[in-house]
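In: predicted coordinates and the sequence they were generated for:
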Amino acid sequence: MQVRSAGERDAGGIAELLCELGYPTDVSTTLKRLRRSAELVLVVEHEDRVIGLAALAISRTLTHAGPIGRLTALVVSAAHRRHGIARVLVTTVLERAERRGCEELELTSGVRPEREAAHACYEALGFERSSYRYWRPVPSHDPDSASAGAH
């Protein structure tokens with residue numbers, strides 16, 4: 001099993017995985033997002049098909065001395081779960097985060113019954129539940145629109 005950086009040719013497989021994760025999208029939108037992303041996007045391929053995805057964003061914050069890594073996406077196709085693919089992806093992300101001087105790696109996950117298996121996976125991978133996350137949309141913001149960033 002090999003982890004590699006994602007490229008534009010992976011947009012279709014990534015779109016499918018994002019849909020499985022609960023973020024409906026299409027190939028065109030995924031391609032735009034890949035092109036603009038500052039994240040490290042990693043994939044696992046099996047028989048020429050993307051079956052696993054991890055995305056790492058790194059930021060510096062006022063509250064931490066060093067950079068913080070955030071796992072913004074972690075998903076393995078339903079047909080390939082429970083074969084160690086998530087572990088390989090997280091291990092690779094941790095190595096990359098360490099190389100970039102990150103203090104910690106965080107992720108967030110929805111509190112919904114359908115996410116319980118994912119939560120168990122995160123805990124098995126060494127993550128601890130540590131906080132609440134509050135969320136609200138920013139009015140009139142569509143980052144995928146053609147005029148985004150033109151303000």
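Out: Done, it's in.

In: which is the next helix or strand following the lengthiest strand in the chain?
Out: As assigned by DSSP state E, the longest strand anywhere in the chain is strand 49-59. Next helix or strand after strand 49-59 toward the C-terminus (DSSP states H and E): strand 68-76.

In: so whatever helix or strand comes next after that next one versus strand 49-59, what angle?
Out: Using DSSP H and E, the next helix or strand after strand 68-76 towards the C-terminus is helix 85-99. Using axes from the mean of the first three to the mean of the last three CA atoms, to 10 degrees, the inter-axis angle of helix 85-99 relative to strand 49-59 is 30 degrees.

In: what residues of helix 85-99 count as buried?
Out: 85-86, 88-90, 92-94, 96-97 (16 or more other CB atoms under 10 Å). (Each C-beta comes from the backbone N, C-alpha and C, glycine too.)

In: also stretch 45-55?
Out: Across stretch 45-55, burial judged by 16+ other CB under 10 Å covers 45, 50-55.

In: what do you get for stretch 18-37?
Out: 18, 21, 25, 30-34.

In: not counting residues beside it along the chain, what's closest to the most centrally placed residue in the chain?
Out: By CA atoms, centre = their mean, the chain has its centre lying nearest to A73, at 1.6 Å. Among residues not flanking A73 along the chain, A55 sits closest, at 4.1 Å (CB to CB, 6 or more residues apart in numbering).

In: ok, that neighbour touching V75?
Out: No - between A55 and V75 there is no contact under CB atoms under 8 Å: 9.6 Å.
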